Every structure is written in structure tokens, then in C-alpha cells.
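> give me a model of this one.
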Amino acid sequence: MYVYIMANSRPTIYTGVTSDLIRRVYEHKQGFIEGFTKKYHLYKLIYYEVVEGQMEAIIREKQIKDMNRVEKLEMIKKFNPDFQDLYPQII
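Model (predicted):
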């Protein structure tokens, strides 16, 4: 399982969970997913974690969503200092 964060250039960010990171990010990039990510053009994968099991992934997603914006951005910067799109690295 994966916990991931998508962003736009602002960055507006979205945190999600998936069992197939490549497929899910592709769906976001193509605009197949209706809702927040499509509305705000969140097409860059800027962060992800591999998590053991669905329940652990949901717990971790909630922990990240409970962080304030500064904490989230600091976490992302440690993983991806330039906020680059990580999708090309995972395909």
C-alpha cells in the first residue's frame, strides 16, 4: 500500500491511499478522477510512502491529513526538496 501526495504549482496538496501507485497517479494526471485533484489540477506526485497493509495506510493518511500545512511541507521537503514530479521515477 502507498500513501501519496499530489500537488499543483502553488502547491495545493492532496493526500491519498492506493494499492497501485503508478495506476493511481496516472489516473490523476489524465483527469480520470473527479473531485478535488481534477478541480485544482493536482497532477504532480511530490511524496509517497510504502506502508504495510491497508489499515496502516489509512492510519498514516489520517496522520498526514491531521498535520498543519507547514508540517506537511516540511515533511515533503525532506523527501523531495525541489517538489519535483516523482512519477517519472516510479514508472
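> so where do the strands sit in the protein?
Assigned by DSSP state E, the chain shows strands spanning 2-7, 13-18, 44-50.
> right, and those strands - which one's nearest Glu74?
strand 44-50 (11.4 Å; CB to CB). C-beta: built from backbone N, CA, C; applies to glycine.
> returning to what we had before: which one of the strands of the chain lies nearest to Gly35?
strand 13-18 (9.0 Å).
> could you list the buried residues of that closest one?
Ile13, Tyr14, Thr15, Gly16, Val17, Thr18 (16 or more other CB atoms under 10 Å).
> then stretch 70-81?
By neighbour count with 16+ other CB under 10 Å, stretch 70-81 contains the buried residues Lys72, Leu73, Ile76, Asn80.
> tell me the contacts of the closest residue to Val25 other than its chain neighbours?
Counting by CB to CB, 6 or more residues apart in numbering, Leu45 is the residue found nearest to Val25 once chain neighbours are left out, at 4.8 Å. For Leu45, the contact set (CB atoms under 8 Å, 6 or more residues apart in numbering) comprises Tyr4, Ile5, Met6, Leu21, Val25, His28, Asp85, Leu86, Tyr87, Ile90.
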